[in-house]
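# Need coordinates for the below:
(one chain, ligands or ions: 1)
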Amino acid sequence: MTDNVERPLRPRPSINRDNQFWFDGAAESRLLIQRCVGCGALRHPPGPVCPSCHSFEWDSIEASGRGTIYSYVVNYHPQLPAFDYPLPIALIELEEGTRLLSNLVGFEIEAIEVGQAVEVEFIEYDDELTLPAFHPAG
Ligand code: ZN
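Below is the predicted model:
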């Protein structure tokens, strides 16, 4: 991509009443996890009902931001101009127990390993979109 071409914005997430809190948290550089008020179970991605006890009541907790790489892929194609490539995408297992899909940053692609400790950071892509990404811990 050349410097004189304005980069398109990242695709917008699909925000609804169940996941709005999560994106609002990300905008404040807070990684949130939905928690069932009925039984205390944590769940991600957010949804309207607890799969354990079927309660519709929920709140959220703030995650520590620490976790490990549970699995990952490195995307090379197809390339969209809003993203940098190669694009590592990981399933992060947070220390609280839930998992989320996120980008990895600050890694040598060849050095990414399952089980590696990571920590969250927040990337402001544009005025309306801030998302978590994970870099090597320590
Ligand atoms: Zn529950």
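
# helix/strand/coil for the residue nearest the centre of the chain?
Nearest to the geometric centre of the chain sits Ser102, at 3.9 Å (C-alpha atoms, centre = their mean). Of the three states, Ser102 takes strand under DSSP: H, G, I helix; E, B strand; the rest coil.

# quick one: it and Pro132 touch, right?
Yes. Contact criterion C-beta atoms under 8 Å: Ser102 and Pro132 qualify, at 5.6 Å. In short, each C-beta sits where N, CA and C put it, glycine included.

# so what sits against both of those two?
Counting by C-beta atoms under 8 Å, 6 or more residues apart in numbering, the shared contacts of Ser102 and Pro132 are Val120.

# Now Ala26: which helix or strand?
helix 20-27 (DSSP states H and E).

# Quick check: residues of this structure near the ion?
36, 38-39, 41, 50, 52-53, 55 (C-beta under 5 Å from the ion).

# Try it again at 8 Å.
36-41, 50-55 (C-beta under 8 Å from the ion).

# and which of these is nearest Ala82?
Pro51 (33.1 Å; C-beta to C-beta).

# residues contacting the closest one?
With C-beta under 8 Å, 6+ apart, Pro51 has these contacts: 41, 43.
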